[in-house]
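Undergrad: just need the structure, nothing else, for what follows:
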Amino acid sequence: MKKRKTSSGERAFNVFNITLLTIVALICVLPFLNVVATSFASTQEVVTKKFVLFPTTFSLDAYRYILSTPTIFRALAVSIGITGVGTLVSMVVTSLMAYGLSRKYLFGRNFFNFLIVFSMLFSGGMIPTFLVVKSLGLVNSYWSMILPVCVNAMNMIIMRNFFQALPDSLEESAKMDGCTDLGVFVKIMLPLALPSIATISLFYAVTYWNTYMNAILYINDSTKWPIQILLRQIVIVSSGMQAESSSVDILPPAQTIKMAVIVVATVPMLIAYPFVQKYFVKGALMGSVKG
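TA: Numbers count the residues shown, from 1 in each chain. A predicted model of the protein is given here:
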């Protein structure tokens, strides 16, 4: 078959579209490249240049300073543990709740759905939540960074809509073969919901990895701090020491340390993203088309 010739208007649109998308991509990528480049830049280059994209002299001083304390590895282990356990717990609770609320025959289904939507608009606030956590004995416990954010209402609604989109005949056929409700969920629904599970797992993993406010409120023991809190302390301490010191050679520039902290806090999630990228769009869209 002959190729259809594109008109001049279509070619002009393609050029405009490619140019616009290239500009948008550069706007998104350049700040991150600046962060990475600044974290590797030398002291003189950071002081003399306002915007660094390709450092002329690579320096690892900022990363050596961040990794100089052994507590960072403990904080990293805490964050990895919270992210892994929290994501697992959240997915188990969210998927079970979403599947139950997706069944039309569930008694009180509309009432529970209303409560979930209501929680998206109104919350108890910081002080009531702290009092609840304290009354449960979770202060200074790792669970205080998991249980208060265990279920996200929006994530639950996306999964519920995904289960609602699946045909009821699958469940009916499985039950005719003697499968229980739990068996239908584990053997039929979960394998079909893998795109949605991968997408929501990424959402939860990012939330737990970036745990900050809950750790500030509920964790008084510095040995239980996650990586985000420790990195914040490193930035504060380095900035304070440089402000009090007359010599700039004692520590790397505060700007370099800040950029290195951003890289350390961001890279793990960037590494995990490609593994779920193929499920991301499919899972998010399939769970959001039905209300």
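
Undergrad: helices along the stretch 151-291 of the chain, start to end?
TA: 153-165, 168-176, 181-184, 190-192, 194-209, 213-218, 227-244, 254-286 (DSSP state H, counting those that start in this stretch).

Undergrad: put together CSV for those, with distance to Lys134 on each row.
TA: Using the backbone N, CA and C atoms, a C-beta is placed for each residue, glycine as well. Below are the helices of the stretch 151-291 of the chain laid out as CSV (distance: least, Cβ to Cβ, whole Å):
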stretch, distance to Lys134
helix 153-165, 24
helix 168-176, 42
helix 181-184, 35
helix 190-192, 36
helix 194-209, 21
helix 213-218, 8
helix 227-244, 19
helix 254-286, 28
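
Undergrad: and of the ones you listed, who's closest to Leu26?
TA: Closest to Leu26 of the helices of the stretch 151-291 of the chain, according to Cβ to Cβ: helix 254-286, at 18.3 Å.

Undergrad: one step back: looking at the helices of the stretch 151-291 of the chain, which is nearest to Pro128?
TA: Using Cβ to Cβ, the nearest of the helices of the stretch 151-291 of the chain to Pro128 is helix 213-218, at 12.2 Å.

Undergrad: which other helices and strands contact the closest one?
TA: With contacts taken as 3 or more Cβ pairs under 8 Å, 6 or more residues apart in numbering; DSSP states H and E, helix 213-218 sits against helix 126-135, helix 227-244.

Undergrad: and the ones you listed as JSON lines, adding distance to Val267?
TA: Listed next are those as JSON lines, based on distance: least, Cβ to Cβ, whole Å:
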{"stretch": "helix 126-135", "distance to Val267": "30"}
{"stretch": "helix 227-244", "distance to Val267": "11"}
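
Undergrad: which of those comes out lowest on mean pLDDT?
TA: When the helices and strands packed on helix 213-218 are ranked by mean pLDDT, helix 227-244 comes last with a mean of 73.

Undergrad: out of the helices of the stretch 151-291 of the chain, flag the one nearest Asn17.
TA: Closest to Asn17 of the helices of the stretch 151-291 of the chain is helix 254-286 (Cβ to Cβ; 19.6 Å).

Undergrad: mean confidence for that closest one?
TA: When pLDDT is averaged along helix 254-286, the result is 73.

Undergrad: got it, and stretch 154-162?
TA: 87.

Undergrad: Val85 and Ile146 touch, don't they?
TA: Yes: applying Cβ atoms under 8 Å, one finds Val85 in contact with Ile146, separated by 6.6 Å.

Undergrad: neighbour count: these two, which is higher?
TA: Ile146 (22 against 15; other Cβ atoms under 10 Å).
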